[in-house]
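Enquirer: would you be able to build a 3D model of this:
(one chain, ligands or ions: 2)
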Amino acid sequence: MEIIFYHPTFDTQWWIAALEKQLPGSRVREWKSGDNEHADYALVWHPPVEMLQGRELKAVFALGAGVDSILSKLREHPEMLPLSIPLFRLEDTGMGLQMQEYAVSQVLHWFRRFDDYQALKQETRWEPLPEFTREEFTIGIMGAGVLGSKVAESLLAWGFPVRVWSRSHKDWPNVQSFAGESEMGDFLRETRVLINLLPNTAETVGIINHALLNQLQDQSYLLNLARGVHVNEDELLRALENGKLKGAMLDVFSREPLPVESPLWRHPRVTMTPHIAAVTRPQEAIAYIGKTISGLERGETVTGQVDRSRGY
Ligand SMILES: NC(=O)C1=CN([C@@H]2O[C@H](COP(=O)(O)OP(=O)(O)OC[C@H]3O[C@@H](n4cnc5c(N)ncnc54)[C@H](OP(=O)(O)O)[C@@H]3O)[C@@H](O)[C@H]2O)C=CC1
Ligand SMILES: O=C(O)C(=O)CO
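Expert: Ligands and ions are numbered 1, 2, ... in the order given. So this is what the prediction gives:
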């Protein structure tokens, strides 16, 4: 079995050795421009069009959870990957736990008012504040997929009321489920901490805008763990000024790296990280890819295939 590999930043030689170990009998090679030799599978992140175009592959694996960049390239170059070749993505492979760590730590930070105490410290003020209750700290998660479900599970374990919003309803114990545009208003009305874990699709671009933020309770919080293009950054800043939002924690931005002139850098109630909420964990990713390729080779049903018509 021949596998081609392309990732702009990963340690390619390490991945090749680990993949060959995981899939005995396979031959994995780094794809380089001009390589048109046969391959059965391609493992990619931000691949050049030339790498995939015209190949008779059995499947392509994206080396991350989001497939927005490859799908957007496919809209410009549909010939790069015909619909007959399935596209897979990483399902969890260690990202669920990372998202749980991120969400739980930040929700607890807001819940225990550490942001307020930090602001008081700047003014050298010693001042115990009223506590928040869990009842007034409903967590609303947009996107109830692989990662949203893990985050919901971890916040439930901390005793917070949890609700999710997705395309289809979920029947999960102790979680309120809302679906589609018609239930968006009900979902937002009682949400105090809005966590975004949606994929980037034509329907979700710019979804966190003035109209949406305005439906939250006053003094809410936003945690964006998905993609920067989901958030209208000017309208987010407006919501921080008009009291709709008390704070925002952002991992992703409409432009990355975030340009130095962005006011988000300097806003006292915005905290941020440089798109590290959940990174690809090589061992887990390789185990998943190995298991999926072995399943495909045996003609079994496997999970993780992207529905290109839905965009995720
Ligand atoms: N910041 C970071 O470091 C990382 C960010 N990410 C981002 O997280 C995203 C989510 O990942 P993952 O959980 O694996 O994705 P999934 O595909 O498993 O889940 C997507 C969820 O979004 C819902 N959804 C999709 N479109 C809509 C819509 N139009 N309206 C309402 N709900 C919708 C789906 O609904 P339904 O269940 O009904 O299908 C599903 O619940 C990725 O696409 C990626 O962009 C991922 C990894 C790291
Ligand atoms: O896997 C993804 O989609 C990511 O954003 C990785 O950081």
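
Enquirer: mind listing what the residue lying closest to Val175 once chain neighbours are set aside touches?
Expert: Closest residue to Val175 apart from its sequence neighbours, by Cβ to Cβ, 6 or more residues apart in numbering: Val162 at 5.1 Å. Using the backbone N, CA and C atoms, a C-beta is placed for each residue, glycine as well. The contact partners of Val162, taken as Cβ atoms under 8 Å, 6 or more residues apart in numbering, are Thr138, Ile139, Ile141, Ala152, Leu155, Leu156, Asn174, Val175, Gln176.

Enquirer: swap the cut-off to 7 Å and go again
Expert: Ile139, Ile141, Ala152, Leu155, Leu156, Val175 (Cβ atoms under 7 Å, 6 or more residues apart in numbering).

Enquirer: tell me how far Gly25 lies from Gln305.
Expert: Gly25 sits 24 Å away from Gln305, going by Cβ to Cβ, to the nearest Å.

Enquirer: neighbour-wise, which of the two wins?
Expert: Between Gly25 and Gln305, counting by other Cβ atoms under 10 Å, Gln305 is the more crowded of the two (15 against 6).

Enquirer: give me the beta-bridge partners of that one?
Expert: Beta-bridge partners for Gln305, by DSSP bridges, are Phe88.

Enquirer: so it is in contact with Arg89, correct?
Expert: No - if you go by Cβ atoms under 7 Å, Gln305 and Arg89 don't touch, sitting 8.2 Å apart.

Enquirer: now find how far off-centre stretch 211-228 is within its chain.
Expert: Stretch 211-228 sits 16 Å away from the centroid of its parent chain (Cα atoms, centre = their mean, to the nearest Å).

Enquirer: so which bits of the stretch 101-250 of the chain are right by ligand 1?
Expert: 143-148, 166-168, 197-201, 203-204, 225-227 (Cβ under 6 Å from any ligand atom).

Enquirer: if I pick the most centrally placed residue in the chain, what's in contact with it?
Expert: Taking Cα atoms, centre = their mean, the centroid of the chain lies closest to Ala226, which sits 3.6 Å from it. By Cβ under 7 Å, 6+ apart, the residues touching Ala226 are Gly143, Asn196, Leu197, Leu198, Val252.

Enquirer: from ligand 2, how far off is it?
Expert: Ala226 sits 8 Å away from ligand 2, going by Cβ to the nearest ligand atom, to the nearest Å.

Enquirer: make 13 the first number, not 1, from now on.
Expert: Sure thing, new numbering starts at 13, so read that last one as Ala238.

Enquirer: whichever residue of the chain sits closest to ligand 1: neighbouring residues, count only.
Expert: Nearest to ligand 1, among the residues of the chain, is Gly157, at 1.7 Å (Cβ to the nearest ligand atom). Counted with other Cβ under 10 Å, the neighbours of Gly157 add up to 18.

Enquirer: what are the ranges of the strands in the protein?
Expert: Using DSSP state E, the strands of the chain run over 14-18, 39-42, 53-56, 71-74, 99-100, 151-154, 174-178, 187-191, 205-208, 232-236, 257-262, 282-284.

Enquirer: can you give me the helices for the stretch 163-312 of the chain?
Expert: Under the criterion DSSP state H, counting those that start in this stretch, the stretch 163-312 of the chain contains helices at 196-201, 222-225, 245-253, 294-309.

Enquirer: how far does the shortest one sit from the chain's center?
Expert: The reference is to helix 222-225. With Cα atoms, centre = their mean, you get 21 Å for helix 222-225.

Enquirer: skipping adjacent residues, who's closest to Met107 in space?
Expert: Ala290 (3.6 Å).

Enquirer: pretty sure the one you found is touching Met111, no?
Expert: Yes - between Ala290 and Met111 a contact is recorded at 5.0 Å, counting by Cβ under 7 Å.
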